[in-house]
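Peer 1: One predicted model, sequence on top.
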Amino acid sequence: MNICLRYLGDPGCEQGIDQELGVSQATVTRTVDRVVNSIVVQSNEWIKFPTTNHELMEAKRI
């Protein structure tokens, strides 16, 4: 997870991350891919968008 968070904080910098964390570039790539795909698979449970005008107005109010 640390690898993925570090990459997401500075995308496009795999070589720096692999050296900084002491892993290979392939490990960075695989880790980011697996973590992001896992988030996407579960995103319907975690991310809810307003679907009605009432829900939209409530979301804007908060």
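Peer 2: All right, it came through fine. Numbers count the residues shown, from 1 in each chain.

Peer 1: what helices or strands is the helix-or-strand element of the chain with minimal mean pLDDT leaning on?
Peer 2: The weakest-scoring helix or strand in the chain, judged by mean pLDDT, DSSP states H and E, is helix 14-21 (a mean of 83). Helix 14-21 is packed against helix 2-9, helix 25-46, with contacts defined by 3 or more Cβ pairs under 8 Å, 6 or more residues apart in numbering; DSSP states H and E. For every residue, glycine as well, the C-beta is placed using N, CA and C.

Peer 1: for the first one, packing partners?
Peer 2: Right, helix 2-9. So helix 2-9, by 3+ Cβ pairs under 8 Å, 6+ apart, packs with helix 14-21, helix 25-46.

Peer 1: Select, out of those helices, the one closest to residue 60.
Peer 2: Smallest distance to residue 60 across the helices and strands packed on helix 2-9 (Cβ to Cβ): 20.5 Å, for helix 25-46.

Peer 1: List the contacts of that closest one.
Peer 2: 1, 3, 4, 7, 8, 14, 15, 17, 18, 21 (Cβ atoms under 8 Å, 6 or more residues apart in numbering).

Peer 1: For it, the averaged confidence score.
Peer 2: Across helix 25-46, pLDDT averages out at 92.

Peer 1: Alpha carbons only: can I get the following helix or strand past it in CSV?
Peer 2: Downstream of helix 25-46, the first helix or strand assigned by DSSP states H and E is helix 53-61. Provided in CSV are the C-alpha atoms of helix 53-61 (Å, rounded to 0.1, in the frame of the first residue of the first chain):
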residue,chain,number,x,y,z
ASN,A,53,-32.4,16.2,-7.4
HIS,A,54,-33.1,15.9,-3.7
GLU,A,55,-29.8,14.0,-3.1
LEU,A,56,-28.0,16.5,-5.3
MET,A,57,-29.3,19.4,-3.2
GLU,A,58,-28.3,17.6,0.0
ALA,A,59,-24.8,16.9,-1.3
LYS,A,60,-24.4,20.6,-2.2
ARG,A,61,-25.7,21.7,1.2
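
Peer 1: and residue 2, what is it in contact with?
Peer 2: residue 21.

Peer 1: can you tell me how far the residue nearest the centre of the chain sits from residue 23?
Peer 2: In the chain, the centroid-proximal residue (Cα atoms, centre = their mean) is residue 36; its distance is 5.1 Å. Residue 36 is 17 Å from residue 23, where distance means Cβ to Cβ, to the nearest Å.
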